[in-house]
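Visitor: Pasting a predicted model and its sequence here:
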Amino acid sequence: MLPRDPAQPHRTASTLELFFDLVFVVAVSIASAQLHHALSHGEFVHGITSYAMVFFALWWAWMNFTWFATSFDTDDWLYRVTTIVQMGGVLVFASGIPAAFERGDFTVPVLGYIVMRVAMVAQWLRASRGAGELRPATRRYAFGIAAVQVLWVLFLFIPSGPAQLVAFVVFALIEVSVPVFAEYRKQTPWHPHHITERYGLFTLIVLGESLLASANAIIDAGHELESFVPLISISVLTLVVTASLWWIYFWPPHHRAITTFGRSLRYGYTHYVVFAAAAAFSAGIEVELDVLTGESHLSNAVASYTVTIPIAIFLLGIWWIAIRENADRVVNTVIPIGAAVVLLDPILPIPVAVTALVLAAIVAVLVLHPPVDKRS
């Protein structure tokens, strides 16, 4: 298991990586559905904190595998088997998400997470045998990941409530410090185009999940409403918004955003909020439909915020890590202002429609102002 060449031409995502991503479709879908139910019943603090905790584990396990694969993917039988074990851990984790939301019981999610992470430790230990000068970094990864799993076991003994949330924040900060600890002297090689393609593929997953969940919710709502006009309007607006988010995300050349170790950390860590916001968008659409069908007693403005806040977070996140340094002054002005206008949408008489128009306008600006290379 030798380090991969970071300058390898035509490096693309493997079929195993695409297969690996599929299990995250299941987990993200369940997390988004649970967020929808919590928001629809007005349980905002509980729903958002539970979603943030669950999504952190999914994002971090996916990201760690992705960065390891860009450095040491051999695609032999042992690598494949170990990766499939990680996929099993994701499915175990996904099965425990409802209990985590409903009762604050993270037993099954932590068990699934540990399966994922122990498999990752095995990958790093195997890589250390042929890593050469990178051996210390690979062993620090293995030690750091294993040590943090002890903390997550202790997490199960903390009662649900504020103490559990504080412990989660502390343990999560320790978890995300492992790459800094492992690579502070010598960095493992990464392939910029391969890494950013992997992030783009995961973005497609969460956006696609949003479309699927929204479509299913619209179909279900059609059985309860006499008029299909509101549903047609929401369907069109959902498609316009999702397509606009896709267009905005893939506008900049992402590989320029990870030219150094520090920049790669910023890119990778900020994607937590980008991915989480994209997946939460579908929950907001479902909340809007619940209000429309009378299944939720939230006000129209509050329901609209469940849609517009994730969109604004997505816009600002991707602008900060990828667009800002590849855009001219016009684009760098339009996107932050557009995010602010989206947040004002719920107080306007035609909610969501304004958001769709704003996003379409941002896309038009991006078409007229292509990316610029500020490195020259």
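Guide: Done, it's in. Numbers count the residues shown, from 1 in each chain.
Visitor: I figured residue 3 hits residue 188, correct?
Guide: Yes. With contact defined as CB atoms under 8 Å, residue 3 counts as touching residue 188 (6.8 Å). The way it works is simple: take the backbone N, C-alpha and C, and place the C-beta from them, glycine included.
Visitor: Find residues that contact each of these two.
Guide: Contact criterion CB atoms under 8 Å, 6 or more residues apart in numbering; residues shared by residue 3 and residue 188: 71, 72, 134.
Visitor: tell me, how many neighbours does the last one end up with?
Guide: One way to gauge burial is a neighbour count; for residue 134, by other CB atoms under 10 Å, it gives 22.
Visitor: Check the second one too.
Guide: Other residues within reach of residue 72 by the criterion other CB under 10 Å amount to 23.
Visitor: Tell me the confidence at the nearest residue to it once chain neighbours are set aside?
Guide: Nearest-residue entry for residue 72: residue 127, 4.5 Å, with adjacent residues in sequence omitted and distances by CB to CB, 6 or more residues apart in numbering. Looking at residue 127, its pLDDT reads 93.
Visitor: Number of residues surrounding residue 127?
Guide: Counted with other CB under 10 Å, residue 127 comes out at 25.
Visitor: again with residue 309
Guide: Neighbours around residue 309, by other CB under 10 Å: 18.
Visitor: Same check on residue 44?
Guide: Counted with other CB under 10 Å, residue 44 comes out at 14.
Visitor: which stretch of helix or strand covers the closest residue to it other than its chain neighbours?
Guide: Excluding its sequence neighbours, the residue lying closest to residue 44 (CB to CB, 6+ apart) is residue 38, at 7.5 Å. Assignment of secondary structure by DSSP states H and E places residue 38 within helix 15-40.
Visitor: Report the buried residues of that helix.
Guide: In terms of neighbour count (16 or more other CB atoms under 10 Å), helix 15-40 has its buried residues at 16-17, 20-21, 23-40.
Visitor: and the most centrally placed residue in the chain, what does it touch?
Guide: The centre of the chain sits closest to residue 275, judged by CA atoms, centre = their mean, with a distance of 2.4 Å. Applying CB under 8 Å, 6+ apart to residue 275 gives the contacts 55, 59, 202, 203, 206.
Visitor: now swap in residue 373 and tell me
Guide: With CB under 8 Å, 6+ apart, residue 373 has these contacts: 256, 326.
Visitor: if we can go back for a sec, if I read this right, the residue nearest to residue 44 contacts residue 50, doesn't it?
Guide: Yes. Assessed by CB under 8 Å, residue 38 is found in contact with residue 50 at 7.0 Å.
Visitor: Quick check: neighbours shared by the two?
Guide: Common contacts of residue 38 and residue 50 (CB under 8 Å, 6+ apart): residue 101.
Visitor: I'd like the shared contacts of residue 3 and residue 188 laid out as TSV, including distance to residue 337 and pLDDT.
Guide: What follows is those, written out as TSV (distance: CB to CB, whole Å; pLDDT from 0 to 100):
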residue	distance to residue 337	pLDDT
71	39	92
72	43	92
134	45	91
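Visitor: Sitting in helices, which of the residues you listed do you find?
Guide: Among the shared contacts of residue 3 and residue 188, the residues falling in helices (DSSP state H) are 71, 72.
Visitor: mind putting the contacts of residue 275 in TSV, distance to residue 356 and secondary structure included?
Guide: As requested, the contacts of residue 275 are arranged in TSV below (distance: CB to CB, whole Å; DSSP: H, G, I helix; E, B strand; the rest coil):
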residue	distance to residue 356	secondary structure
55	25	helix
59	27	helix
202	24	helix
203	19	helix
206	19	helix
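Visitor: Could you work out the most separated pair of these?
Guide: Spanning the widest gap among the contacts of residue 275 are 55 and 203, at 14.1 Å by CB to CB.
Visitor: Looking at those two, which is more packed in?
Guide: Neighbour comparison, residue 55 and residue 203: the larger count goes to residue 55, with 24 against 21 (by other CB under 10 Å).
Visitor: doesn't residue 279 make contact with that one?
Guide: Yes. Between residue 55 and residue 279 there is a contact under CB under 8 Å: 7.0 Å.
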